[in-house]
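Asker: below are the sequence and a predicted model; questions follow.
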Amino acid sequence: MKTNSLFYHILQSFPSIFFELIGHPPTETSGYEFQSVEIKDTNQIIDGIFVPAKRTRQPIYFVDVQSQFDEDFYYRFFTEIFLYLGKNKSNRDWFAVAIYPRRFIEPVVPRPYQWLVESDRIKRLYLDELGLVANQSLGLGMLKLLVEDEAKAQQRAEYLIHQIQQVTPISEQLKLGELLTKILAYKFPQLGIQELTKMFELSDLKQSKLYQEAKTEGKLETVPLLLELGLTVERIAQELHLDIVEVKKAAKDFAGQETTLE
């Protein structure tokens, strides 16, 4: 998975990270939808736009991630922005954010756009320069992990796992854990799932609420099958090392599903 597509996936799953990245409170996410928009009749596609709800006065945010050097980037970026504004006849304020893994990937700004880039309309961010803030934020830490070298990536992953363990509810932990796994798979493409799993084990992830509840949920999914095979609730709880109350609830839910199907 390429850096930019993974980055867009992160913003799609956790849009609050974008607002944290530009120095705004994550709560500002409310009222926005992250979209990839095709501009009709032009064959132009803008990969990332935070579109505000119609009844609000919030600005539009254009986002572009450049993982490779492209000397024509700014020509394309501003063309797409003004095409979108013109096609939609937008009367909203707008801002644009260009994101680079590292500063040296950024091309020279063409003279016609220098005034615009130097204005407060445009923010240029470099992931490897996020610095200490990324050590305090789970979202920014995820982005920082994208550009860490392998030696530092595992250390940062350990730190992020610890942060994920503190997150509630459990559903949010699971989402973050899945996202972190995808980032690690990108960072270590030579490793298989077993090797990546070992990386998690090193951080005692199996002792976390995240792992334990996910593991329990997986075991509970086998309860209906074991019941059909004739095992008692007590025997299932014993064999799966589960609390008998949890097994009884799973058995009751299964019985209710059977009744509904009939």
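Answerer: All right, it came through fine. Everything quoted here is computed from the prediction, not taken from an experiment.
Asker: make it CA atoms for all contacts and neighbour counts henceforth
Answerer: OK.
Asker: so for the helix or strand containing Leu143, mean pLDDT?
Answerer: Per DSSP states H and E, Leu143 falls inside helix 138-147. Averaged across helix 138-147, the pLDDT comes to 86.
Asker: CA atoms only for it, dumped as CSV, please.
Answerer: In CSV, the C-alpha atoms belonging to helix 138-147 read as follows (Å, rounded to 0.1, in the frame of the first residue of the first chain):
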residue,chain,number,x,y,z
LEU,A,138,-2.1,8.8,19.3
GLY,A,139,-3.3,10.2,15.9
LEU,A,140,-0.1,12.1,15.0
GLY,A,141,2.0,9.2,16.3
MET,A,142,0.3,7.0,13.7
LEU,A,143,1.3,9.5,10.9
LYS,A,144,4.8,9.8,12.3
LEU,A,145,5.1,6.0,12.1
LEU,A,146,4.6,6.2,8.4
VAL,A,147,8.0,7.9,7.9
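Asker: which other residues reach it?
Answerer: The contact list for helix 138-147 (CA atoms under 8 Å, 6 or more residues apart in numbering) reads 3, 7, 17, 20-21, 101, 127-128, 130, 133-135, 153, 156-157, 160, 163-164, 180, 183, 187.
Asker: which of these count as buried?
Answerer: 3, 7, 17, 20-21, 101, 127-128, 134-135, 153, 156-157, 160, 163-164, 180, 183, 187 (16 or more other CA atoms under 10 Å).
Asker: show me those residues that map onto strands.
Answerer: Among the buried ones among the contacts of helix 138-147, no residue falls in strands (DSSP state E).
Asker: just the ones of these in helices?
Answerer: 3, 7, 17, 20-21, 134-135, 153, 156-157, 160, 163-164, 180, 183, 187 (DSSP state H).
Asker: which of these scores worst on pLDDT?
Answerer: Confidence-wise, Ala134 trails the rest of those, at 60.
Asker: now do stretch 241-255, average pLDDT.
Answerer: If you average the pLDDT values across stretch 241-255, you get 82.
Asker: just the CA trace of the helix or strand hosting Leu174, in PDB.
Answerer: In the assignment (DSSP H and E), Leu174 maps to helix 170-187. Listed next in PDB are the C-alpha coordinates belonging to helix 170-187 (Å, rounded to 0.1, in the frame of the first residue of the first chain):
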ATOM      1  CA  ILE A 170     -13.300  -1.300  23.100                       C
ATOM      2  CA  SER A 171     -14.700  -0.800  19.600                       C
ATOM      3  CA  GLU A 172     -12.400   2.200  19.200                       C
ATOM      4  CA  GLN A 173      -9.500   0.100  20.400                       C
ATOM      5  CA  LEU A 174     -10.200  -2.500  17.800                       C
ATOM      6  CA  LYS A 175     -10.300   0.100  15.000                       C
ATOM      7  CA  LEU A 176      -7.100   1.700  16.100                       C
ATOM      8  CA  GLY A 177      -5.400  -1.700  16.400                       C
ATOM      9  CA  GLU A 178      -6.500  -2.700  12.900                       C
ATOM     10  CA  LEU A 179      -5.200   0.600  11.500                       C
ATOM     11  CA  LEU A 180      -1.900   0.200  13.300                       C
ATOM     12  CA  THR A 181      -1.600  -3.300  11.900                       C
ATOM     13  CA  LYS A 182      -2.000  -1.900   8.400                       C
ATOM     14  CA  ILE A 183       0.600   0.700   8.900                       C
ATOM     15  CA  LEU A 184       3.000  -1.900  10.300                       C
ATOM     16  CA  ALA A 185       2.300  -4.100   7.200                       C
ATOM     17  CA  TYR A 186       3.200  -1.100   5.100                       C
ATOM     18  CA  LYS A 187       6.400  -0.400   7.100                       C
END
